[in-house]
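Asker: okay, sequence plus prediction incoming.
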Amino acid sequence: MSTDAIVLLKQDHKEIKKLFKEFQDAGEDATKRKGDIVGRILEALTVHTYIENECMYPETRKLLPDIEDDVLESYEEHHVADVLCAELAAMDPDDERFDAKTTVLIENVTHHIEEEEEEWFPKVREGLGRKKLQEIGERMIELRKTAPRKPSDPKALKKAVDAVTA
């Protein structure tokens, strides 16, 4: 298994996009199935954004100050996704806005993934190099073990932060 941070993040992106497609292909009458799929989407996004926010973004911001604006934009895009995830987690799949809110989440995250992979990752790879990306990836793997699994779960978030800072 690669420990390259960008490879790890791209693997997450691939899994998240697969879940998005599963939701989109479920059909209009698949309320319960959609609820299950969205639950998996929320978990995948919660873990992914956590490891980016707690490890990849701060490290990159520190080491590559020229791309600080990209990092700040990514934090804001994550914030929008976090709000949508928290709202979806509180909704029932049969709520009239459930599908619409999920679609907006999918559109926002897909845009974010495209920007990261096409614009941001190449700059980061060039600026940090293989060894540093492997070091960051190793820390991300460790963070994943204690990352929160549900949106807006302050206890899990605090536990994960405490584990990293201990």
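Answerer: Cool, the structure landed. Everything numeric here is computed off the predicted structure, so don't read it as measured data. Numbers count the residues shown, from 1 in each chain.
Asker: please name the nearest non-neighbouring residue to T49.
Answerer: Distance criterion Cβ to Cβ, 6 or more residues apart in numbering; nearest residue to T49, sequence neighbours excluded, is H78 at 4.7 Å. In this view, the C-beta of every residue, glycine as well, is placed from N, C-alpha and C.
Asker: what sits against that neighbour?
Answerer: 49, 52-53, 112 (Cβ atoms under 8 Å, 6 or more residues apart in numbering).
Asker: host element of it?
Answerer: H78 belongs to helix 68-89 when assigned by DSSP states H and E.
Asker: what mean pLDDT does the next helix or strand after that helix get?
Answerer: The helix or strand immediately downstream of helix 68-89 is helix 98-115, counting by DSSP H and E. Helix 98-115 shows a mean pLDDT of 96.
Asker: ends of stretch 144-151, how far apart?
Answerer: By Cα to Cα, to the nearest Å, the extent of stretch 144-151 from end to end equals 15 Å.
Asker: list the buried residues in that stretch.
Answerer: For stretch 144-151, the buried set under the neighbour-count rule, 16 or more other Cβ atoms under 10 Å, comprises 144, 147-148, 150-151.
Asker: kindly reformat the residues you listed as JSON lines containing secondary structure and distance to E138.
Answerer: Shown next, in JSON lines, are these (DSSP: H, G, I helix; E, B strand; the rest coil; distance: Cβ to Cβ, whole Å):
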{"residue": "R144", "secondary structure": "helix", "distance to E138": "11"}
{"residue": "A147", "secondary structure": "coil", "distance to E138": "15"}
{"residue": "P148", "secondary structure": "coil", "distance to E138": "20"}
{"residue": "K150", "secondary structure": "coil", "distance to E138": "25"}
{"residue": "P151", "secondary structure": "coil", "distance to E138": "26"}
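Asker: would you confirm that V104 contacts V83?
Answerer: No: the pair V104 / V83 is not scored as a contact, 10.6 Å apart, by Cβ atoms under 8 Å.
Asker: who's more crowded, the two?
Answerer: Counting neighbours by other Cβ atoms under 10 Å for V104 and for V83 shows that V104 has the greater number, 16 against 13.
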